[in-house]
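[1] For reference, the sequence and a predicted model appear below.
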Amino acid sequence: MAERPAAEIAVPSQDPKEKKKKEEDKKLDTKANDVKDEDEELSEEDAQLKSELEMLIERLKELNTDLYRPALETLRTLIRTSTSSMTSVPKPLKFLRPHYPSLQELFETWSASENKSLFADILSVLAMTYSDTEPRGTLRYRLLSASLLPPTSKISEPGSWGHEYVRHLAAELGEEYTIRQEGEEAAPLPAPEAESDASESKSAPVPGTIEDLHNLGVECATFFLGHNAEPDAVDLFVELEIVDRIASLVDANTFGRVCAYMDRCVMLLPPPDDVTFLRTIHKIYLQFSKFPEALGVAIRLNDAALIRQDFNASGNRIMKKQLAFLLARAQIPIEWLKAPASEDADAEDEFPEDILDCLSNTQLSRHFKEFGKEVGVADPKSLEDVYKSHLETTRSGLSANVDSARANLAGTFVNAFVNAGFGNDKLMVEAEEGNSWVYKNKDHGMMSAAASLGLGLLWDTDVGLSHIDRYTYSPEEWIKAGAFFATGLLNAGVRTEADAALALLGEHVENKSVPLKVAAIMGLGVAYAGSHREDLLTLLLPAVADDGVSMEIAALSALALGFVFVGSGNGEITSTILQTLMERDDKALDEKWGRFMALGLALLYVGLQDASDATLETLKAIQHPISRQAQILVEVCSFVATGNVLRVQRLLHLCGEHLDALKEKEQAESAEGKKDENKDEKKEDKKPDDTFQSFAVLGIAMIAMGEDIGAEMSMRQFNHLMHYGDPIIRKSVPLALGLISASNPQLPVLDTLSKYSHDHDLAVALNAIFAMGLVGAGTNNARLAQMLRQLAGYYYKEPDCLFMVRIAQGLVHMGKGTIGINPFFSDRNIMSRPAIAGLLATIMAFTDAKAFVLDKYHWMLYFLVTAMYPRFLITLDENLESKPVTVRVGQAVDVVGQAGKPRTISGFQTHQTPVRLGTTERAELATEEFIPYAHVLEGFVILQKNPGWEKEDTMQM
């Protein structure tokens, strides 16, 4: 570490000669000759400077104290005014370097005075040239200089010595602080006397308290902020552990760059530093009245009090509407915005109608349909438009053996996903009476078919209910169940005054029929995802705790509660689920439904980091393999999208486990020769060992998602797991790939999945095909569509894989290319918790596809609805009516920490709003006529007329 500063100051090649000569001087005392040689090398100017410096040093060694002050002043001026190229050492420092040791000795002999303080200041600059042999000399003399001054006078700013000096000082401050912190921790250890003395003589201790270091740090940071080096200021404060102090130093010019840099650091910091950073960013944004930015940070912190404070901070009614759009997109419970009961909340308990509309997403459906018309995709697409089977490479006449019910079921999902939200598909919504697609399916297929109505009419609560209503009176139980589930899907992400979903489904939670009961429970879970509604708690919790109900009902009730209370850490639900896991017998916990109960528990902790510790400890007490699965799920949900390296390492460790251990066990047992017991034990070993590894693989994707570098690193790990993992791990890797780049089809991921989709293990191939659907969801990616058509030909004899290819085709064309499922929004900074819940629940069903999706629980694919959201930018005027303006849309470029004002997008095209934005794209206004209220152009953006714009126009006239 000590050698690093030496590299920054490149010393010209004459110096070593000079050193050697000095040594020879002592031996041979032939000084005169050497000086002659040297003077020949130096230019006249340099020689004059050198002799002047030597004269000044001689003056300091004389006894006459009156000469000290002018000599020191001259030295200071010479050092400060010496300008040289960036790469070489300033001349005065170079010539004074040999005298540094003697000057140090001289300094010790002086008595404390103002002169000595100035002397220390100069030595502090000279110490930069000795940083390799005497670490932290610059800092030591700087602090000595400050301590020697009388209280009336003030030491010169560190910046007056130049930028390099301040950087040097900052580096040494960080080192010194770290040493002191470690020193405090390791104080009890007695140091060997002799050694410490020897080292002390080399680097004398640095004077001053921690507070002095902090104050000097603040001075350096102030200099950095004034000279466009915001990242240096932030880094210094991180090392000194006083990041919160930066809020008082920033001004209107620097706060944006400081916040942008700190924001980028959050992903790389260990907890609790990341939260401290976010709170500091939040404080700075509020300081400068940047309400949308502040609210975005508050949503990331998931702090109800901060969100309420930010929402009510702005007095501007239109700004409030913009904030309401942001809250609606993140699906923040409206209850959070009302003052808690303890405070007297008469002031503003009910929101005005227009703001409530924005908060409830009521207008989403209307705007989405208009957007569809604008971009020319309003007409319904038929299945053939999606499959394009005339382009498939199948040999004709051979596809007759495909199970037609299976093909119709696939058609149900494709139709639902492709025409989602437009409310005009031909198979369900606009089918003639009695000719509906529902009747082209068998039994449980009817449930998915009826439920697909909810997707076709997504977000359109008024029209939707009347369409679904006629199916709720069907004599066929499955159709009725599908209609219930459709009611839930219809209301996903939209809140209404009528609360239709609760009114219609609440009474059926206790229904005797299992399909109706399941549909009502999951319908409520999806409809109220992320709303934290207490009335649903009383409705659904009894089913979790009731030993009399089947594991299926209990687990799905737990999952529905996980959806509704996602990221709330609700204690009551936690304790009930834990109680159930402890009390249920092993046979029930062994069922395939156990994973969904564990997931219900885990969803309560999405993004809560360390808050889940107590739950994890309790889970360790459960003597059943499910405890391990639940621990992994709770942990990865708590740390979702934090990029926490230690957790990823722990998960990788779990993925690489158990092979050798099992072999050793088997060898030990075979040595004892107990063959019969051996067989039983082998069976027992097999069962618990697997599933948790599947969750560990998904966990790596969960923690690494949302940050590009982490995601890229995890890709490489998945590659290794695919090579060396067990079947269960190989089966899960494609799902993890789908999760980590949902709606973000990058070529490396597509190629990898394409390779896995031809795997000899059909379970891997099936999951890879589904993952291709997730990666391309709503992107209309042509390359991906081509790959899927080719797969349809390849798997024409495998009904399961063909079914999956169809569903993947439906996902790729989701909403005809207008709806995505990426859980991150607002420039991929804010994570939507309900979206994480939906994605994870769907993928959970694929960890055992044979038992769920390929059996009669294919309706679980609809869990994706909580993650589905239109990928548009719609600009509105102040009355919330659509207002077309020109915008530039291009690939987002990361410009954090770059000098000047670089372009934030590259390769842009100019469009008229409304426009569609890809996952990695960003938009900026192409005209200065309007000023947006939002900080990120995405979703609904309200524009304000720029008051200064027309004047410019008239000037040009």
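    The structure has been received and is ready for your questions.

[2] If you count neighbours, what's buried in stretch 843-863?
    By 16 or more other Cβ atoms under 10 Å, the buried positions in stretch 843-863 come out as 843-849, 852-854, 857-863. (C-beta placed from N, C-alpha, C; glycine too.)

[3] The closest residue to residue 439 other than its chain neighbours: what's it in contact with?
    In space, and not counting its chain neighbours, residue 439 is closest to residue 446: 7.7 Å by Cβ to Cβ, 6 or more residues apart in numbering. Residue 446 makes contact with 438-439, 476, 478-479, 482 under the criterion Cβ atoms under 8 Å, 6 or more residues apart in numbering.

[4] From the centre of the protein outward, give me the first residue you hit.
    Geometric centre of the chain, nearest residue: residue 706, 3.9 Å, by Cα atoms, centre = their mean.

[5] Could I get the contacting residues of residue 442?
    residue 405.

[6] at 10 Å instead, please
    404-406, 408-409, 449, 478 (Cβ atoms under 10 Å, 6 or more residues apart in numbering).

[7] possible to save these as CSV with neighbour count?
    Shown next, in CSV, are the contacts of residue 442 (neighbours: other Cβ atoms under 10 Å):
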residue, neighbour count
404, 10
405, 13
406, 18
408, 18
409, 23
449, 31
478, 24
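
[8] now the residues you listed in JSON lines, with distance to residue 153 and secondary structure?
    Formatted as JSON lines, these follow (distance: Cβ to Cβ, whole Å; DSSP: H, G, I helix; E, B strand; the rest coil):
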{"residue": "404", "distance to residue 153": "94", "secondary structure": "helix"}
{"residue": "405", "distance to residue 153": "92", "secondary structure": "helix"}
{"residue": "406", "distance to residue 153": "89", "secondary structure": "helix"}
{"residue": "408", "distance to residue 153": "90", "secondary structure": "helix"}
{"residue": "409", "distance to residue 153": "86", "secondary structure": "helix"}
{"residue": "449", "distance to residue 153": "86", "secondary structure": "helix"}
{"residue": "478", "distance to residue 153": "89", "secondary structure": "helix"}
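
[9] what's the most distant pair in those?
    The widest separation within the contacts of residue 442, taken as Cβ to Cβ, falls between 404 and 478 and amounts to 18.0 Å.

[10] Surely residue 358 forms part of a helix?
    Yes. Counting by DSSP: H, G, I helix; E, B strand; the rest coil, residue 358 is located in a helix.

[11] surely residue 296 meets residue 831?
    No. Residue 296 lies out of contact with residue 831 (Cβ atoms under 10 Å); the separation is 11.1 Å.

[12] contacting residues for the closest residue to residue 414 other than its chain neighbours?
    Computed as Cβ to Cβ, 6+ apart, the closest residue to residue 414 that is not its neighbour in sequence is residue 810, at 3.4 Å. By Cβ under 10 Å, 6+ apart, the residues touching residue 810 are 383, 386-387, 410-420, 773, 777, 788, 861.

[13] let's see 7 Å
    Residues near residue 810 by Cβ atoms under 7 Å, 6 or more residues apart in numbering: 386, 413-414, 417-418.

[14] In helices, which of those fall?
    Among these, the members found in helices (DSSP state H) are 386, 413-414, 417-418.

[15] between those residues, which is nearest residue 113?
    residue 417 (82.2 Å).

[16] Need the nearest residue in space to that closest one, chain neighbours excluded.
    Nearest one to residue 417, counting by Cβ to Cβ, 6+ apart, is residue 810 at 4.1 Å.

[17] where's that neighbour, which helix or strand?
    helix 799-812 (DSSP states H and E).

[18] now the helices: where do they sit in the stretch 351-500 of the chain?
    Here the stretch 351-500 of the chain has its helices, by DSSP state H, counting those that start in this stretch, at 353-360, 364-374, 383-387, 404-418, 443-456, 461-472, 477-490, 500-505.

[19] I'd like those helices written out as a markdown table, with distance to residue 751 and mean pLDDT added.
    Formatted as a markdown table, the helices of the stretch 351-500 of the chain follow (distance: least, Cβ to Cβ, whole Å; pLDDT from 0 to 100):
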| stretch | distance to residue 751 | mean pLDDT |
| --- | --- | --- |
| helix 353-360 | 42 | 90 |
| helix 364-374 | 32 | 93 |
| helix 383-387 | 23 | 89 |
| helix 404-418 | 24 | 90 |
| helix 443-456 | 30 | 90 |
| helix 461-472 | 40 | 87 |
| helix 477-490 | 34 | 92 |
| helix 500-505 | 42 | 88 |
